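*Asks:* Just need the structure, nothing else, for what follows:
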Amino acid sequence: MISDIDKEVLILFGKHLKSLRLAKKLTYRKMALRCNIDYGDIQKIESGKVNITILTLRELAKALELAPNSLLDFDGFNLSDSR
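*Replies:* Numbering: from 1, shown residues only. Presented below is the predicted three-dimensional model:
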């Protein structure tokens with residue numbers, strides 16, 4: 001079972017991913033085409049419902065034209081931020 005802290009990390013990661021996607025002006029579908037991940041799965045990741053693998057992290061970073069480690073830098077986000 002996933003802990004509350006782990007759930008929070010997934011939600012914060014999802015918020016960060018969404019902000020990066022929107023900054024690049026990418027829809028879910030455009031993002032999905034760039035990284036070969038179903039757009040529904042991207043929605044689940046952004047809402048914190050999915051714990052992704054390193055390979056998925058790499059694909060998401062590639063789609064955003066960023067280094068994978070930049071997707072993990074979400075310290076500036078908190079749960080009270082709007083989604």
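*Asks:* pretty sure residue 64 contacts residue 20?
*Replies:* Yes - using CB atoms under 8 Å as the test, residue 64 is close enough to residue 20 to be in contact (5.3 Å). Just so you know, the C-beta spots here come from the backbone N, C-alpha and C atoms, and that holds for glycine as well.
*Asks:* Quick check: neighbours shared by those two?
*Replies:* Contact criterion CB atoms under 8 Å, 6 or more residues apart in numbering; residues shared by residue 64 and residue 20: residue 71.
*Asks:* How about residue 48: what's its closest non-neighbour residue?
*Replies:* Nearest in space to residue 48, with sequence neighbours left out and distances taken as CB to CB, 6 or more residues apart in numbering, is residue 11 at 3.5 Å.
*Asks:* Now the one you found: which helix or strand?
*Replies:* When elements are defined using DSSP states H and E, residue 11 is found to belong to helix 4-23.
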